[in-house]
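*Asks:* Fold the following for me, if possible:
(one chain, ligands or ions: 3)
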Amino acid sequence: MPEIIKTNENAISSEQEKELQLEYIKKAALLLSSYEKMIGHKPTACVTTFGCQMNARDSEKLLGILYKVGFTETEDENADFVLYNTCTVRDNANKRVYGRLGTLLGMKKRNPYKIITLCGCMMQEQSVIENIQTSYRGVNLIFGTHNIYKFAELLFHTLENVINNVKDIIIDIWKDTDKIVEALPVRRKYPFKSGVNIMFGCNNFCTYCIVPYVRGRERSRSSKEIIDEIKDLVKDGVVEVMLLGQNVNSYGKGLEEDITFAKLLQKVEEIEGLKRIRFMTSHPKDLSDELIEVMKNSKKICRHLHLPAQSGSSRVLKAMNRKYTREDYLALVRKLRDAMPDLALTTDLIIGFPGETMEDIDMTASLVDEVGYDNAFTFIYSRRTGTPAASMPQVLTDEEIQKGFDKVLERVQENARKRTAGLEGTEAEVLVEEVNHQDETFVTGRMSNNLLVHFKGDKNLIGTLVNVKLSENKGFYYIGEMI
Ligand code: SAH
Ligand code: SF4
Ligand code: F3S
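*Replies:* Ligands and ions are numbered 1, 2, ... in the order given. A predicted model of the protein is given here:
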């Protein structure tokens, strides 16, 4: 039988909640020494992330707590504690989780003290929970997106169960929350760059998309909290931040302070020691002239904008509830390019939305040519139960959709190659991210426009900005020389 622990939602302030969770970290740390005696070695923990950058950032927070409690982190799923932070945006994301969960439960047969935890967007779906309860026995803890800040508390109860040999699964899923609890421990993946949540949830209800249902309503963090967090990150060695939200352009709505996303960017720009600012995602319908002006005049905002178009057909865009037409989108692109000729533009495109015809897909392919994207993520439409599009009829066959997809992908790749080739021989400022995986005498860095460059260098360069000549075009990246 599952044990449904209903953690306490809104009875206390965010500050009190944070204190409470810090207490639970201490309490869980005490229990961990008993667990260590049981298993006979220092407990290890592995956090695996599926999905978007928001999930990646959440995983850093979860890992921060595990580390504080006393786990040693590892990337090996043979670990004593394994956590899957899941995604449900497309069906293949769910399939991957189920597949790997099967393997994980197999490992548990050899290590009965193994603790398996699931969280993230997929867990907000009732059918998923039912499926796991009936077909994936052996999971210890499940929680959702809204109560992620309760992780320390839930971890404590889970350790208590394991130590007392109680086999119940703990399931704690909330429908929604309006609380934001931050400033708990974090373990960053990169020392020199970090995501920063500026808002949570989404109110847009694009008809294909499940995110608003699993992430709840849009809520923004106060600018002071965001700025304080970034200042702390900079003190800790961070030079590049990525401001995160499902629709950053509507940042500030509902806050008491008078603030827009553009104004927030101006405040972030002033932070001394911070070198680069990125953000995602921008919804075209809310991208303001004020934002274009701020980007244009900024020394720190990267020359890259991810601007999901989803489709090049106004008819389909309407059915998607995107609230702009192809013409609106193209006009916006022109405005952006006029203001910043060197701006790199990337996008997301969906192929095979219900009701879409081959002509619609052709419009998407021609949009790619007309905009000349630097790159694009192309997705085949995936039916998500509970979304409006799930009940709309499909007119194309799977084969036709695949053909359309291949056609759009070809346009994307050709444009990406063209855009990349245009930079040959120029110089660029690059943030060095890591030693090259194939050749240790090379390092890999990222240009302001998000392109990767590999060049001779060593690990001491990691986290620094260097000027590089883009000498050899490799199609989607460059081999360069440090100047
Ligand atoms: N908030 C972001 C995107 C979040 S999801 C935005 O509005 O741009 C990331 C991408 O997944 C979307 O841009 C969309 O292209 C794709 N996506 C979302 N739901 C999908 C579905 N049901 N099928 C296929 N792709 C989908
Ligand atoms: Fe999904 Fe649309 Fe919200 Fe993006 S803006 S998360 S695509 S509903
Ligand atoms: Fe996936 Fe959730 Fe992000 S559904 S794309 S992990 S918000």
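
*Asks:* check contacts around S382.
*Replies:* The contact partners of S382, by CB atoms under 8 Å, 6 or more residues apart in numbering, come to 89-92. Where C-beta positions appear, they are placed from N, C-alpha and C, glycine not excepted.

*Asks:* Report the secondary structure state of it.
*Replies:* What DSSP: H, G, I helix; E, B strand; the rest coil gives for S382 is coil.

*Asks:* Quickly note the distance from it to R90.
*Replies:* Relative to R90, S382 is positioned 4 Å away (CB to CB, to the nearest Å).

*Asks:* Could you do A421 as well?
*Replies:* Going from A421 to R90 by CB to CB gives 31 Å.

*Asks:* and those two? which has more neighbours close in?
*Replies:* Just comparing A421 and R90: by other CB atoms under 10 Å the higher neighbour count belongs to R90, 18 against 11.

*Asks:* Phi first, then psi, for the more buried one.
*Replies:* The phi/psi pair for R90 (degrees, to the nearest 10) reads phi -130, psi 160.

*Asks:* residues near the residue in the stretch 1-150 of the chain positioned nearest to ligand 3, how many?
*Replies:* In the stretch 1-150 of the chain, no residue comes nearer to ligand 3 than G51, which is 2.7 Å away by CB to the nearest ligand atom. Applying other CB under 10 Å, we find 21 residues neighbouring G51.

*Asks:* Not counting its neighbours along the chain, what's nearest it?
*Replies:* Spatial nearest neighbour of G51, excluding adjacent residues (CB to CB, 6 or more residues apart in numbering): C87 at 2.7 Å.

*Asks:* can you give me phi and psi for the one you found?
*Replies:* phi -130, psi 150.

*Asks:* Which helix or which strand is home to K469?
*Replies:* Taking DSSP states H and E as the criterion, K469 maps to strand 465-473.

*Asks:* again with T134
*Replies:* Element membership for T134, per DSSP H and E: helix 126-135.

*Asks:* That helix: how far from the chain's middle?
*Replies:* 25 Å (CA atoms, centre = their mean, to the nearest Å).

*Asks:* for stretch 304-313, same thing?
*Replies:* Remark: stretch 304-313 is offset 17 Å from the chain centroid, using CA atoms, centre = their mean.

*Asks:* With just CA atoms, put that stretch into PDB.
*Replies:* Below are the C-alpha coordinates for stretch 304-313, written out as PDB (Å, rounded to 0.1, in the frame of the first residue of the first chain):
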ATOM      1  CA  HIS A 304      21.400  34.900 -29.600                       C
ATOM      2  CA  LEU A 305      17.600  34.700 -29.300                       C
ATOM      3  CA  HIS A 306      15.600  31.500 -29.100                       C
ATOM      4  CA  LEU A 307      12.300  32.500 -30.600                       C
ATOM      5  CA  PRO A 308      10.000  29.400 -31.000                       C
ATOM      6  CA  ALA A 309       7.800  29.900 -34.100                       C
ATOM      7  CA  GLN A 310       6.300  26.300 -33.900                       C
ATOM      8  CA  SER A 311       4.800  26.700 -37.400                       C
ATOM      9  CA  GLY A 312       5.000  28.900 -40.500                       C
ATOM     10  CA  SER A 313       1.300  28.600 -41.300                       C
END
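
*Asks:* how about it, does it reach ligand 2?
*Replies:* No: contact of stretch 304-313 with ligand 2 (CB under 6 Å from any ligand atom) is absent, the minimum separation being 6.9 Å.

*Asks:* That stretch and ligand 1, are they touching?
*Replies:* Yes: shown here: stretch 304-313 in contact with ligand 1 (CB under 6 Å from any ligand atom) through 308, 310.

*Asks:* Use 51 as the first number for this chain going forward.
*Replies:* Shifting the count to begin at 51 puts that one at stretch 354-363.

*Asks:* Quick one: the helices in the stretch 351-500 of the chain, in order.
*Replies:* Ranges of helices in the stretch 351-500 of the chain, per DSSP state H, counting those that start in this stretch, are 364-369, 376-389, 408-421, 448-471.

*Asks:* before we move on, back to that, show residues contacting the helix holding T184.
*Replies:* Applying CB under 8 Å, 6+ apart, the set of residues contacting helix 176-185 from outside is 52, 138, 144, 148, 151, 168, 172-173, 189, 192, 219, 221, 223, 435.

*Asks:* what's the domain layout of the protein?
*Replies:* 54-222, 240-352, 355-471, 477-532 (automatic domain parsing).

*Asks:* Format those domains as JSON lines; extra columns: mean pLDDT and distance to V231.
*Replies:* What follows is these, written out as JSON lines (pLDDT from 0 to 100; distance: least, CB to CB, whole Å):
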{"stretch": "domain 54-222", "mean pLDDT": "93", "distance to V231": "4"}
{"stretch": "domain 240-352", "mean pLDDT": "96", "distance to V231": "11"}
{"stretch": "domain 355-471", "mean pLDDT": "97", "distance to V231": "27"}
{"stretch": "domain 477-532", "mean pLDDT": "95", "distance to V231": "29"}
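
*Asks:* Am I right that I221 is in a helix?
*Replies:* No: with three-state DSSP as the criterion, I221 is assigned strand and is not in a helix.

*Asks:* quick one: contacts for K158?
*Replies:* Going by CB under 8 Å, 6+ apart, K158 touches 164, 166, 188.

*Asks:* If you could redo that for V291, that was the one I meant.
*Replies:* If you count contacts by CB under 8 Å, 6+ apart, then V291 has 243-246, 280, 283, 318, 324, 326-328 around it.

*Asks:* Could you do E477 as well?
*Replies:* E477 makes contact with 517-520, 533, according to CB under 8 Å, 6+ apart.

*Asks:* Name the member of those residues with the most neighbours.
*Replies:* Taking other CB under 10 Å as the neighbour criterion, V518 ranks highest of the contacts of E477 with 25 neighbours.

*Asks:* Could you give the bridge partners of it?
*Replies:* Beta-bridge pairing for V518 (DSSP bridges): A478, M532.

*Asks:* What separation do you get for it and F526?
*Replies:* 16 Å.

*Asks:* ok, back up a step: just the buried members of the contacts of S432?
*Replies:* 139-140 (16 or more other CB atoms under 10 Å).

*Asks:* Generate CSV for the contacts of S432, with distance to ligand 2 and secondary structure as supplementary columns.
*Replies:* Output for those, formatted as CSV (distance: CB to the nearest ligand atom, whole Å; DSSP: H, G, I helix; E, B strand; the rest coil):
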residue, distance to ligand 2, secondary structure
V139, 8, coil
R140, 12, coil
D141, 15, helix
N142, 17, helix
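
*Asks:* Of the contacts of S432, which are in range of ligand 1?
*Replies:* Okay, of these touching ligand 1 (CB under 6 Å from any ligand atom), that's 139-140.

*Asks:* Where do the strands of the stretch 251-400 of the chain begin and end?
*Replies:* Under the criterion DSSP state E, counting those that start in this stretch, the stretch 251-400 of the chain contains strands at 269-270, 290-294, 326-330, 354-356, 394-401.

*Asks:* Next, format those as CSV and append distance to ligand 3.
*Replies:* Output for the strands of the stretch 251-400 of the chain, formatted as CSV (distance: least, CB to the nearest ligand atom, whole Å):
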stretch, distance to ligand 3
strand 269-270, 14
strand 290-294, 10
strand 326-330, 11
strand 354-356, 13
strand 394-401, 11
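
*Asks:* Using JSON lines, lay out those strands together with distance to K68.
*Replies:* Shown next, in JSON lines, are the strands of the stretch 251-400 of the chain (distance: least, CB to CB, whole Å):
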{"stretch": "strand 269-270", "distance to K68": "17"}
{"stretch": "strand 290-294", "distance to K68": "20"}
{"stretch": "strand 326-330", "distance to K68": "26"}
{"stretch": "strand 354-356", "distance to K68": "32"}
{"stretch": "strand 394-401", "distance to K68": "35"}
